[in-house]
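J.: Quick one, structure for this:
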Amino acid sequence: MAVQRQWILVWIMVVAGLQARARPGEELWHWTTGAGILSSPAIGPDGTVYFGADDGNLYAVSSSGRGRWLFPTYQILEASPAIGKDGTIYFGSTIGVFYAINPDGRKRVLRPSHRPRRHDLLRFDGRKHLRIE
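T.: Numbering: from 1, shown residues only. As a prediction, this is how the structure comes out:
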């Protein structure tokens with residue numbers, strides 16, 4: 001019985017390897033934006049890659065390299081996006097606007113920052129949580 005399980009595992013690994021069709025270091029896809037990319041990408045639980053660019057757009061690209069959507073902000077996006085437990089994509093712009101986007105590309109929250117003093121810790125609802133003087 002143990003030998004049979006090993007062969008099943010080997011078969012699954014062979015099939016998965018054939019389906020991937022990629023060798024280590026091989027480019028699977030690339031994406032071109034209208035300007036440079038200075039942020040690191042965030043990868044969602046479904047494999048979607050999210051990244052901002054200096055052309056003012058947040059991009060969502062599927063793991064196969066197809067564009068899912070883009071969210072225009074009309075502002076340079078140099079900060080790396082972060083993904084919440086519920087799949088919400090959070091990111092900010094260089095002029096102090098904070099965004100929260102649903103995984104389908106719809107805007108969830110748009111809030112200008114209040115230019116916090118240094119050492120302010122803020123909650124997501126914008127209220128001061130703790131100030132360290």
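J.: so who does the closest residue to Thr94 other than its chain neighbours touch?
T.: Spatial nearest neighbour of Thr94, excluding adjacent residues (C-beta to C-beta, 6 or more residues apart in numbering): Ile76 at 4.7 Å. In this view, the C-beta of every residue, glycine as well, is placed from N, C-alpha and C. Contact analysis of Ile76 by C-beta atoms under 8 Å, 6 or more residues apart in numbering lists 54, 56, 93-94.
J.: Turn those residues into CSV, including distance to Glu26 and pLDDT.
T.: As requested, the contacts of Ile76 are arranged in CSV below (distance: C-beta to C-beta, whole Å; pLDDT from 0 to 100):
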residue, distance to Glu26, pLDDT
Asp54, 28, 91
Gly56, 31, 92
Ser93, 34, 83
Thr94, 34, 81
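J.: Poorly predicted segments of the protein, please.
T.: Within the chain, the segments meeting pLDDT under 70 span 1-22, 109-133.
J.: for it, what spans make up the helices?
T.: 2-20 (DSSP state H).
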